[in-house]
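J.: Pasting a predicted model and its sequence here:
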Amino acid sequence: MPAKLVGGAAVNLHSPSARQAPLRRKYGDLDFVAPSKQQASVQKLFESLGYEGDRRFNTLNGHQRLLYLDGVNGRQIDVFIDRMKMCHVIELANRLGHDGPTLTPADLLLSKLQVFEVNMKDLVDTVALLLDHPIADHDDDAINAGYLGKLTSEDWGLHRTLQLNTAKVRDAVKELEVDGARVNQRLDELWTRIDARPKSLKWKVRARVGDRVSWYELPEEVRQPYQKD
């Protein structure tokens, strides 16, 4: 498969907890990440499945993102090329070589917690990932704390967004009938590792400015008229 699934559907594949109440939910559009060297294969794949590329959007943005539409069934597919650019830029070109149809658990967690205006769906998916994956220093069905620690030690803005959203995850588990102790323990483990990681000079300089200057972007949703929430 030249592309890796990301988003709620990917969490569903990776986490049994996402398939059961109270974390089970519906999924709408599908999101993928693909390496630029596989871009032509990705385009052929989705066209062969009956999706039509949005010619104007793909011409303007194809170096970083592709959009495919199924007007008959009202479905949309987004494909991020090499990186996921949302509230923060997450470089993924070197994170796509593993087996399996989805991004790693750490990258799935990151894709949820890097959203500044995180919603309940993102929090529910995050809880599912934390319930089903231990904190470790590898990507083998675990949340790779070493990888997340490296990213957040170099980028204060990403660190800050994850910090704020972690607090929201802790609040969410109070309202959900799940093993909140396990979720909080794994968050504690993750942040112990993140906090222990030496921070870069750039990180320290930006930390002095703090919240006084915005550190994230609010991405525009690319949605078609036929789509419904």
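T.: Looks like it arrived, so ask away.
J.: Just want the most central residue of the protein.
T.: Nearest to the mean C-alpha position of the chain, counting by C-alpha atoms, centre = their mean, stands S111 at 1.4 Å.
J.: and the closest residue to that one other than its chain neighbours, how many neighbours?
T.: Residue nearest to S111 in three dimensions, not counting chain neighbours: V6, with 5.4 Å by C-beta to C-beta, 6 or more residues apart in numbering. To be clear about C-beta, it is placed using only N, CA and C from the backbone, and glycine gets the same treatment. Per other C-beta atoms under 10 Å, the neighbour tally for V6 reads 25.
J.: contacting residues for V6?
T.: 31-33, 80, 84, 102-103, 107-108, 111 (C-beta atoms under 8 Å, 6 or more residues apart in numbering).
J.: quick check, nearest of the residues you listed to K202?
T.: Taking C-beta to C-beta as the measure, K202 sits nearest to M84 out of these, at 20.9 Å.
J.: What does that closest one show for phi and psi?
T.: M84 has phi and psi values of phi -110, psi 110 when expressed as degrees, to the nearest 10.
J.: Which helix or strand in the chain has the lowest average pLDDT?
T.: When the helices and strands of the chain are scored by mean pLDDT, DSSP states H and E, helix 39-48 comes last with a mean of 89.
J.: avg pLDDT for the next helix or strand after that one?
T.: Sequence order places strand 52-53 as the next helix or strand after helix 39-48, per DSSP states H and E. If you average the pLDDT over strand 52-53, you get 92.
J.: And for stretch 60-70?
T.: For stretch 60-70, the mean per-residue pLDDT is 92.
J.: which residues sit against it?
T.: The contact list for stretch 60-70 (C-beta under 8 Å, 6+ apart) reads 36, 39, 42-43, 46-47, 50-54, 57-58, 75-83, 85, 222, 224.
J.: switch to 7 Å and redo it
T.: Identification of contacts with stretch 60-70 by C-beta atoms under 7 Å, 6 or more residues apart in numbering yields 42, 46, 50-54, 57-58, 76-81, 85, 222, 224.
J.: Give the bridge partners for the residue nearest to S111, please.
T.: Bridge pairing for V6 (DSSP bridges) gives the partners D31.
J.: so how far does stretch 79-92 reach from one end to the other?
T.: 12 Å (C-alpha to C-alpha, to the nearest Å).
J.: Go through it and flag the buried ones.
T.: Neighbour-count burial for stretch 79-92, counted by 16 or more other C-beta atoms under 10 Å, picks out 79-84, 86-88, 90, 92.
J.: distance between it and the chain's centre?
T.: 9 Å (C-alpha atoms, centre = their mean, to the nearest Å).
J.: what mean pLDDT would you report for that stretch?
T.: Rounded mean pLDDT across stretch 79-92 is 96.
J.: wait, isn't V118 in contact with V169?
T.: No - contact criterion C-beta atoms under 7 Å: V118 and V169 do not qualify, at 8.6 Å.
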